[in-house]
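*Asks:* predicted model and sequence follow; I will ask about them next.
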Amino acid sequence: HLPLRDISAHTRRNTSTMSSLAFSAGAVMGTRVSVKTAAVASTRRAPVAVTAKQVLEGKVVSTAMDKSAVLMVERKVPHPRYHKLVKKSTKFTFHDEANACVVGDVVRVEACRPMSKSKKFTLLEKVQK
């Protein structure tokens with residue numbers, strides 16, 4: 001066993017060494033590392049793939065707005081536990097330039113650029129009256 005004085009001197013040496021290590025680690029962590037810049041890509045872009053526009057078919061449920069109508073699209077999905085087919089529906093607002101749609105019509109709509117917050121489809125054709 002070491003005498004008490006030697007132990008305190010030994011711990012003093014370790015703490016000073018630890019503080020110097022902590023200081024040097026902080027200095028390393030604080031330094032800024034230069035990042036090599038990647039070679040500039042050519043100005044030519046890759047050709048964009050042409051994709052088909054989304055087409056939905058459903059029943060018109062509202063025509064209260066001017067040049068707009070609401071379409072309800074229904075689908076049947078199996079219940080997660082009971083496996084019975086359950087009807088689920090989603091409403092979409094679409095653009096009707098001529099105000100030709102009437103509530104109850106079955107129509108087909110096509111995706112387009114957003115015309116407003118909720119209007120992202122245009123009337124493609126009337127399927128049934």
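*Replies:* That came through fine.
*Asks:* do you know how far Asp66 is from Glu97?
*Replies:* For Asp66, the distance to Glu97 (CB to CB, to the nearest Å) stands at 10 Å. For glycine as for every other residue, the C-beta is placed from the backbone atoms N, C-alpha and C.
*Asks:* also Lys120?
*Replies:* Counting by CB to CB, the separation of Lys120 from Glu97 is 15 Å.
*Asks:* ok, Leu124 - how many residues close by?
*Replies:* 16 (other CB atoms under 10 Å).
*Asks:* same check, this time on Phe121
*Replies:* As a burial measure, Phe121 scores 25 neighbours (other CB under 10 Å).
*Asks:* isn't it right up against Pro114?
*Replies:* No - between Phe121 and Pro114 there is no contact, the gap being 9.8 Å when judged by CB atoms under 8 Å.
*Asks:* tell me which residues touch Leu85, please.
*Replies:* By CB atoms under 8 Å, 6 or more residues apart in numbering, Leu85 lies in contact with 76-79.
*Asks:* does Gln54 touch Glu110 like I think?
*Replies:* Yes - under the criterion of CB under 8 Å, Gln54 makes contact with Glu110 at 7.3 Å.
*Asks:* what about the strands in the chain?
*Replies:* Applying DSSP state E to the chain gives strands spanning 55-62, 68-78, 85-95, 106-111, 119-128.
*Asks:* any idea how far Leu56 is from Ala100?
*Replies:* On the measure of CB to CB, Leu56 and Ala100 end up 17 Å apart.
*Asks:* who's more crowded, those two?
*Replies:* Legend: neighbour count by other CB under 10 Å for Leu56 and Ala100, higher for Leu56 (16 against 12).
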